[in-house]
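1. sequence first, then the predicted structure:
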Amino acid sequence: MAKIIAIVNQKGGVGKTTTCVNLSAALTENGKRVLLCDFDPQANSTSGMGVDKTVSKGIYDVLIGEIPAASALVHTKYGDVLPSNKALAGAGIELIGMERREFLLKEALGQVSDNYDYVFIDCPPSLELLTLNALCAADAILVPVQGEYFALEGLSDLMNTVRIVRRSLNPQLEMEGVLLTMFDGRTNLSLQVAEEVKHYFPGKVYATVIPRNVRLSEAPSHGKPISAYDRTSRGAESYAALAAEFLKKQGA
């Protein structure tokens, strides 16, 4: 049975997609069977894995019952992808009238999850119905947190939402870990944010931190994870280290 992990933070620009793409690719390199489910209408994870988001049938078509999940899968050398496209943008409104609307993604992933070790869900930067679906489908959440002043703002909102979901919809939902991203260890601010995050989430913050790295931000425009774009960059080394730490935590 796959472990399903939602990569979530309602704040935009904190490295959710970068983490989703590069952790998926790094685990695939480690011989794991990985599925990346792009659940963000911007579809950046889809293109970051080298999949054309303008032509693919994707997770939206699965949610509305137009095609089975297996038909939407795209196989890449970096891992499998359930693509997104802009059609997902309207799904939040369309899903409102559907039965068991919070569990549509869970049911979709249930069709294919047995074929994988890990499924990562790239969530949109908001706390609405799409993110709620991801939290109901997931076994655990991984929260990227930017090493900047506003990073802690909104974390309490996210954890409040997680508590509500645990109470009423998905009691098994766990905290997989918190990942410090865009980190600059030379600044007092980054170090202060790191201390605050460790205080809020004792024992849950990854030892690996993801640095600010130009190559990391360049890689998506080439449709490649960082390991395929520039294996020797600090970004590539960091995500390889994160994959190793992640697998150690899983006992794998």
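-> Thanks, I have the structure now.
2. what are the boundaries of the strands in this structure?
-> 3-7, 34-38, 74-76, 79-82, 118-122, 140-146, 174-181 (DSSP state E).
3. buried sites along the last one?
-> Okay, so that is strand 174-181. By neighbour count, with 16 or more other C-beta atoms under 10 Å as the criterion, the buried positions of strand 174-181 are Glu176, Gly177, Val178, Leu179, Leu180, Thr181. (Each C-beta comes from the backbone N, C-alpha and C, glycine too.)
4. closest to Glu195 out of the residues you listed?
-> The shortest distance between Glu195 and any of the buried residues of strand 174-181, using C-beta to C-beta, involves Leu180 and amounts to 10.8 Å.
5. pretty sure the closest one sits against Ile210.
-> Yes. Taking contacts as C-beta atoms under 8 Å, Leu180 lies within contact range of Ile210: 6.9 Å.
6. neighbours around Ala25, how many?
-> One way to gauge burial is a neighbour count; for Ala25, by other C-beta atoms under 10 Å, it gives 28.
7. next one: Met1
-> The criterion is other C-beta under 10 Å. On that basis, Met1 has 8 neighbouring residues.
8. check whether it really touches Tyr116, as I assumed.
-> No. Counting by C-beta under 8 Å, Met1 sits too far from Tyr116 to count as a contact (9.1 Å).
9. just the pLDDT at the residue of the chain positioned farthest from its centre, thanks.
-> Most distant residue from the mean C-alpha position of the chain: Asn188, 28.0 Å away (C-alpha atoms, centre = their mean). Taken from the predicted model, the pLDDT recorded for Asn188 is 84.
10. cool, Pro124 as well?
-> The predicted structure scores Pro124 at 93 on the pLDDT scale.
11. now it: closest residue in space, sequence neighbours ignored.
-> In space, Pro124 comes closest to Asp40 once its chain neighbours are excluded; the distance is 4.4 Å by C-beta to C-beta, 6 or more residues apart in numbering.
12. would you quantify the distance from that neighbour to Arg215?
-> 22 Å (C-beta to C-beta, to the nearest Å).
13. quick one: residues contacting the residue nearest to Ile59 when sequence neighbours are not counted.
-> Among residues not flanking Ile59 along the chain, Leu82 sits closest, at 4.9 Å (C-beta to C-beta, 6+ apart). Under the criterion of C-beta atoms under 8 Å, 6 or more residues apart in numbering, the contact list for Leu82 reads 35-38, 58-59, 62, 69, 72-74, 108-109, 112.
14. of the residues you listed, which is the nearest to Ala138?
-> Of all these, the one sitting nearest Ala138 is Leu109; the distance, using C-beta to C-beta, is 9.2 Å.
15. contacting residues for the closest one?
-> Leu109 neighbours (C-beta under 8 Å, 6+ apart): Ile4, Cys37, Ala69, Leu82, Val119, Ala137.
16. mind putting the contacts of Leu82 in CSV, pLDDT and distance to Ile226 included?
-> CSV is the format used below for the contacts of Leu82 (pLDDT from 0 to 100; distance: C-beta to C-beta, whole Å):
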residue, pLDDT, distance to Ile226
Leu35, 98, 19
Leu36, 98, 15
Cys37, 98, 20
Asp38, 97, 17
Gly58, 93, 24
Ile59, 95, 24
Val62, 94, 28
Ala69, 96, 28
Ala72, 96, 26
Leu73, 96, 23
Val74, 96, 20
Ala108, 96, 28
Leu109, 98, 26
Val112, 97, 26
